[in-house]
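>>> Sequence and predicted structure, then a few things I'm wondering about:
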Amino acid sequence: MSKKIHYPAELKIKAIKMKQDGFTNSEIMRELGIKNVSQIKTWMRWHRNGETYRFNQPIGKQYSYGKGSEEQDELEIERNRNKHLQMQLDILKKLIEIERSWFRK
């Protein structure tokens, strides 16, 4: 089993900027010393989803809703809360639509 490597937040941000500037994953890995391409993909997904607070989380620590880094400001916490509530609402809307389709048949 391999050891987990902690990459600082600055390196993660630099990898994202390099990817946005058109560098390939292998170039980024070679330049920054990243061992696995999945790291870059994960960081890009976090960036796209607005989960940049995750760049500072400890190795292996998975935050659940509402238990993010203490470095989040109030606005970011409220945005995450709104996003979570919106997802719940979307799920309920889909459920209602499915139930309606059952009764129409």
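Yep, that arrived.
>>> can you give me the helices in the chain?
9-20, 25-32, 37-48, 74-104 (DSSP state H).
>>> Distance to residue 58 added to those, as CSV?
(C-beta placed from N, C-alpha, C; glycine too.) Listed next are the helices of the chain as CSV, based on distance: least, Cβ to Cβ, whole Å:
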stretch, distance to residue 58
helix 9-20, 12
helix 25-32, 20
helix 37-48, 15
helix 74-104, 19
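>>> Tell me which of those lies nearest to residue 54.
Comparing the helices of the chain against residue 54 with Cβ to Cβ, the closest turns out to be helix 37-48 (4.9 Å).
>>> thinking again about what came up before, closest one to residue 3 among the helices of the chain?
Comparing those under Cβ to Cβ, the one sitting nearest is helix 37-48, at 14.0 Å.
>>> List the buried residues of the closest one.
39-40, 43-44, 46-47 (16 or more other Cβ atoms under 10 Å).
>>> circling back: got CSV for the helices of the chain, with mean pLDDT and distance to residue 54 too?
Output for those, formatted as CSV (pLDDT from 0 to 100; distance: least, Cβ to Cβ, whole Å):
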stretch, mean pLDDT, distance to residue 54
helix 9-20, 92, 9
helix 25-32, 93, 18
helix 37-48, 92, 5
helix 74-104, 89, 11
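>>> among these, which is nearest residue 56?
The closest of the helices of the chain to residue 56 is helix 9-20. By Cβ to Cβ, the value is 5.2 Å.
>>> ok, the spatially most central residue of the chain - contacts?
Central residue of the chain (Cα atoms, centre = their mean): residue 46, 2.6 Å from the mean position. Neighbouring residues of residue 46 by Cβ atoms under 8 Å, 6 or more residues apart in numbering: 52, 54-55.
>>> Repeat the analysis, applying 6 Å as the threshold.
Applying Cβ atoms under 6 Å, 6 or more residues apart in numbering, one finds that residue 46 lies in contact with residue 54.
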